[in-house]
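Asks: Got a predicted structure here, sequence first:
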Amino acid sequence: SYMEDRVAPTNDSLRRLFQRLRIVAIDAAVMYISALLASYALFSHFQFVLAHYYLFFIVIGMQLIFFTSFRLYYIRLVDSSLDLVARGAGAMILSSVAVLFFMLWWTRDFAIATRFTSVYIAFVVVFLLGYRVLYRMSVSYSITKMRKPNGQPRAIVYGAGEIGMQLARQFHRSKLDYHIVGFIDDDEEKQHSIVQGITVMGSLQTLPTLLRGGAVDVLIIAITNLSSEKIREALDIAGRFDIETKIIPSLFEMEEQRKGTAELRDIQFEDLLGRSVVTFDKTPIAEMVENKCVLVTGAGGSIGSEISRQILSYQPAKLLLLDTDETELHDLSLRLHRYQHEFSERVMPIVCDVRNSEKIEKIFETYHIDIVFHAAAYKHVPMMEYYPEEAFKTNVGGTYNVFTSAVKHQSSRCILVSTDKAVNPTNVMGATKRVAEMVASMLSNETTEIVCVRFGNVLGSRGSMLPLFLEQMREGFPITITDKRIIRYFMTVQEAVSLVSLAGALGKGKEVMVLDMGEAVNIYDFAKRLVRHFGDGKNEIIITGLRPGEKLYEEKLSDKDKTIPTDNPKLFKAIVNQDLDYNSFQKIIDSMEALESDEFVTLLQELVPEYTNSEKRRSQFT
């Protein structure tokens with residue numbers, strides 16, 4: 001086996017070497033023929049070259065050295081492109097100067113030297129580039145234009161831009177599992193044009209006409225930032241004609257996969273919400289995290305685990321994963337260690353409750369933590385309406401414990417993961433998160449800057465809407481919607497966490513940063529699309545009524561009356577004015593264990609005057 005592993009690379013290297021030597025020999029022959037033609041063009045005979053052939057071997061050898069130094073022979077003929085032109089032009093210009101000087105030295109005649117060199121180089125350029133272009137055309141286009149689908153699904157590509165052209169190039173090289181019959185594109189300038197030898201047959205509006213004949217099997221969506229409206233329209237059209245739909249991953253997915261391109265994939269649930277592209281400079285995050293000791297609380301949850309995964313890619317000196325759920329913590333640590341072991345000096349899981357102030361203090365004392373991502377919190381709105389004392393002790397008391405220890409041990413920066421439900425809260429969970437923001441502002445100082453980051457719903461997070469809908473569909477239960485009018489703002493967990501990290505890096509102490517979550521999504525409409533595209537035709541949707549503490553409409557985080565824009569269009573600063581008195585709040589923390597459940601609700605209403613939850617609403621659940 002070892003010998004086979006050693007032999008295979010050697011054989012591949014020899015094969016590539018012989019291929020390059022073959023092209024070098026062809027180039028040498030082409031240049032000698034070019035010299036003969038230049039001789040005939042100037043003197044009407046070949047003797048100028050034939051009589052001094054050895055000198056022209058020197059000229060050709062000199063040019064081949066230039067071509068090799070410009071790595072011209074590392075470009076495969078089938079991949080010849082602008083890279084070939086750029087490298088070829090550089091090599092040709094320098095070698096032409098060398099040839100001219102050689103001819104001047106040999107002939108001692110400026111007129112003959114310049115005229116011969118000019119004609120010779122012209123022939124070389126035409127023939128060297130020409131046969132490469134002709135070879136690529138013959139391989140890439142001639143065969144594929146005559147090629148039948150041969151059982152491959154016939155596809156229309158939606159999007160004739162860079163991604164679409166890339167698919168076309170793969171098709172021409174027989175590297176695509178689909179036979180592209182045409183493009184569609186909403187850009188009027190591209191319609192009815194020819195892109196990579198394939199006709200742009202119309203726009204999305206003409207797609208039904210193109211599908212009606214039954215000559216298409218697959219619709220490929222090749223636009224990485226297509227709006228939710230366009231995706232839904234394309235899916236609905238394809239669904240009407242029972243056409244399979246494939247999609248190119250978003251730019252964010254490609255980046256996460258460390259690929260410039262990605263394989264086609266099936267439509268996923270997230271695609272039904274649109275595909276906004278989140279791009280930004282990650283340098284501030286890297287500068288904040290690199291070679292630092294980072295603590296992530298609530299690391300086992302959806303947000304905390306994604307924070308941990310992304311932060312690890314920025315090369316922290318140590319990553320501490322803190323959570324009370326030992327199973328989730330164990331599984332996360334295994335994933336981060338690529339399933340080789342459970343913990344290491346660099347990545348350390350810690351089973352701990354943020355409500356345990358003594359243990360939190362010990363952790364900060366032991367590890368000298370530089371950066372804190374505080375994601376530990378109770379988040380389920382109806383559940384926290386039943387148990388306000390638990391919400392307060394964890395979301396407020398836990399935050400106080402973590403940030404107090406961080407300040408005492410001079411951590412440089414803390415980021416509180418907050419929520420849109422902290423804006424004019426109507427439920428216990430939102431009110432406790434608003435108080436947590438106030439705690440962060442109260443404890444922030446010049447040494448330990450504490451930044452809060454608010455965002456909305458994360459698509460697919462544990463216990464959220466999408467997993468619930470999918471579980472109901474799998475079990476054959478009706479999908480439950482609380483109200484047909486209810487709307488929410490969504491972002492994928494990867495995008496949300498990236499922006500949380502950026503906001504945490506760019507924000508100043510005491511600031512509340514908010515994320516622009518994009519377009520509002522009507523949950524009832526989303527559920528209907530989910531059933532239509534992923535259901536079995538038997539799924540129902542039923543309306544159950546609003547749950548305790550639930551809003552019909554979450555407030556848009558980037559509301560211009562409540563936020564200040566930043567240099568990044570996805571990040572805003574919230575306008576907040578409330579502060580806590582440290583001594584008064586310390587008394588609340590000290591007396592928490594003695595308070596009854598209802599007293600916590602009263603306390604929240606005192607701390608957050610805009611909190612509108614009423615005893616009447618709670619009374620039917622207590």
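Replies: Great, that's in hand.

Asks: pLDDT wise, what is the nearest residue to Ala299 once chain neighbours are set aside at?
Replies: Nearest residue to Ala299, sequence neighbours excluded (C-beta to C-beta, 6 or more residues apart in numbering): Leu321, at 3.8 Å. Just so you know, the C-beta spots here come from the backbone N, C-alpha and C atoms, and that holds for glycine as well. For Leu321, the pLDDT comes out at 97.

Asks: Name the SS class of Leu321, please.
Replies: strand (DSSP: H, G, I helix; E, B strand; the rest coil).

Asks: quick one: it and Gln191, what's the gap?
Replies: 52 Å (C-beta to C-beta, to the nearest Å).

Asks: Who has more neighbours out of the two?
Replies: Comparing Leu321 with Gln191 by other C-beta atoms under 10 Å, the one with more neighbours is Leu321, at 28 against 17.

Asks: circling back: was I right about the residue nearest to Ala299 contacting Val296?
Replies: Yes - Leu321 lies in contact with Val296 (C-beta atoms under 8 Å); the separation is 5.8 Å.

Asks: Common neighbours of the two, please.
Replies: Gly304, Ser308 (C-beta atoms under 8 Å, 6 or more residues apart in numbering).

Asks: so where do the strands sit in the stretch 451-600 of the chain?
Replies: Assigned by DSSP state E, counting those that start in this stretch, the strands in the stretch 451-600 of the chain fall at 457-459, 479-481, 487-492, 512-515, 520-522, 541-543, 563-565, 571-574.

Asks: Then the stretch 251-400 of the chain?
Replies: Using DSSP E, counting those that start in this stretch, the strands found in the stretch 251-400 of the chain span residues 265-266, 293-297, 318-323, 347-351, 371-374.

Asks: For the last one, name the packing helices and strands.
Replies: Looking back up the chat, that one is strand 371-374. With contacts defined as 3 or more C-beta pairs under 8 Å, 6 or more residues apart in numbering; DSSP states H and E, strand 371-374 has these neighbours: strand 293-297, helix 302-312, helix 399-408, strand 413-417, helix 493-506.

Asks: And the next helix or strand past the fourth one?
Replies: Right, strand 413-417. Beyond strand 413-417 on the C-terminal side, the first helix or strand identified by DSSP states H and E is helix 428-443.

Asks: Alpha carbons only: can I get that following helix in CSV?
Replies: Included here for helix 428-443 are C-alpha records, laid out as CSV according to Å, rounded to 0.1, in the frame of the first residue of the first chain:
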residue,chain,number,x,y,z
VAL,A,428,-40.7,38.1,30.9
MET,A,429,-37.9,36.8,28.7
GLY,A,430,-37.6,40.1,26.8
ALA,A,431,-37.7,42.2,30.0
THR,A,432,-35.0,40.1,31.6
LYS,A,433,-32.8,40.5,28.5
ARG,A,434,-33.4,44.3,28.6
VAL,A,435,-32.2,44.3,32.3
ALA,A,436,-29.2,42.2,31.3
GLU,A,437,-28.3,45.0,28.8
MET,A,438,-28.6,47.5,31.6
VAL,A,439,-26.4,45.4,33.8
ALA,A,440,-23.8,45.3,31.0
SER,A,441,-23.9,49.1,30.6
MET,A,442,-23.6,49.5,34.4
LEU,A,443,-20.5,47.3,34.7
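
Asks: Which elements pack onto it?
Replies: Partner elements for helix 428-443 (3+ C-beta pairs under 8 Å, 6+ apart): helix 381-386, helix 388-391, helix 399-408, strand 413-417, strand 449-454, helix 582-591, helix 597-607.

Asks: Arrange the ones you listed in JSON lines, one row each, with distance to Ala113 and mean pLDDT as further columns.
Replies: As requested, these are arranged in JSON lines below (distance: least, C-beta to C-beta, whole Å; pLDDT from 0 to 100):
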{"stretch": "helix 381-386", "distance to Ala113": "86", "mean pLDDT": "91"}
{"stretch": "helix 388-391", "distance to Ala113": "89", "mean pLDDT": "96"}
{"stretch": "helix 399-408", "distance to Ala113": "77", "mean pLDDT": "98"}
{"stretch": "strand 413-417", "distance to Ala113": "69", "mean pLDDT": "97"}
{"stretch": "strand 449-454", "distance to Ala113": "71", "mean pLDDT": "95"}
{"stretch": "helix 582-591", "distance to Ala113": "88", "mean pLDDT": "93"}
{"stretch": "helix 597-607", "distance to Ala113": "91", "mean pLDDT": "93"}
